[in-house]
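> Pasting the sequence and the predicted coordinates here, then a few questions.
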Amino acid sequence: MKHRHIDRDVIAYFAKEKTLFEDSKYHNCVFVGTDEQGTPRHAHKRSANSFGKSFRQNVEGSDPRYSFHHIGTDGKLYAFEAPIDMLSFITMYPDDWKSHSYVACCGTSAIPVMSMLSRMPCTQEVFLCLDNDAAGRAASLRMAEQIAEQFGIASDRLTPQNKDWNDDLCALEDAQVPFLEMG
């Protein structure tokens, strides 16, 4: 069984905000993005199964401007490809996490990032935390250009050691599991 190792308090925070839940029919994780008034405008489903092929999909009719996110107060925005990676990053770097802003693009589109930058009161830093693969690198370059052109902000790229931030979290957690000594 594959474990994601996401911190329970992080999951509880988003569940309490009503932006993360499990659907009753298929038991998928549903990540909800809301508009400025808190109205749901976007939903991304991901299978919670541990076997077979994983399922990921934006719900039809979702507005990509309002992808799964958290708006903080310190002017820092962290952008991810997937909600699981966003939650993994928060789990690995929990210090004062609620003061930062985060967005999961649910893919490699720049639309959610550009929308977040438009809605944030005072953006000072942007960190592109997309996957460590060809698609993630290409999307990061594209987003960096768009952010600089539209907002005049230089962005930094934070790259996971493995393919994505959840792989990094799992590797970190698995390395900390003590081995049983046979005696």
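Received, thanks. Numbers count the residues shown, from 1 in each chain.

> What is the burial count for the nearest residue to residue 40 once chain neighbours are set aside?
Take residue 40 and drop its neighbours on the chain: the residue closest to it by Cβ to Cβ, 6 or more residues apart in numbering is residue 32, 5.1 Å away. Backbone N, C-alpha and C define where each C-beta goes, glycine included. For residue 32, the neighbour count with other Cβ atoms under 10 Å is 22.

> so how far is stretch 112-129 off the chain centroid?
14 Å (Cα atoms, centre = their mean, to the nearest Å).

> To clarify, my last question referred to stretch 92-109.
With Cα atoms, centre = their mean, you get 6 Å for stretch 92-109.

> Just want the most central residue of this structure.
For the chain, the residue nearest the mean C-alpha position is residue 86 (2.6 Å; Cα atoms, centre = their mean).

> Please report the distance of the residue nearest to residue 40 from residue 167.
24 Å (Cβ to Cβ, to the nearest Å).

> Same question for residue 111.
For residue 111, the distance to residue 167 equals 25 Å [Cβ to Cβ].

> What's the first helix or strand after the helix or strand of the chain with the lowest mean pLDDT?
Sorted by mean pLDDT, DSSP states H and E, the helices and strands of the chain end with strand 56-58, the least confident at a mean of 66. Using DSSP states H and E, the helix or strand that follows strand 56-58 in sequence is strand 69-70.
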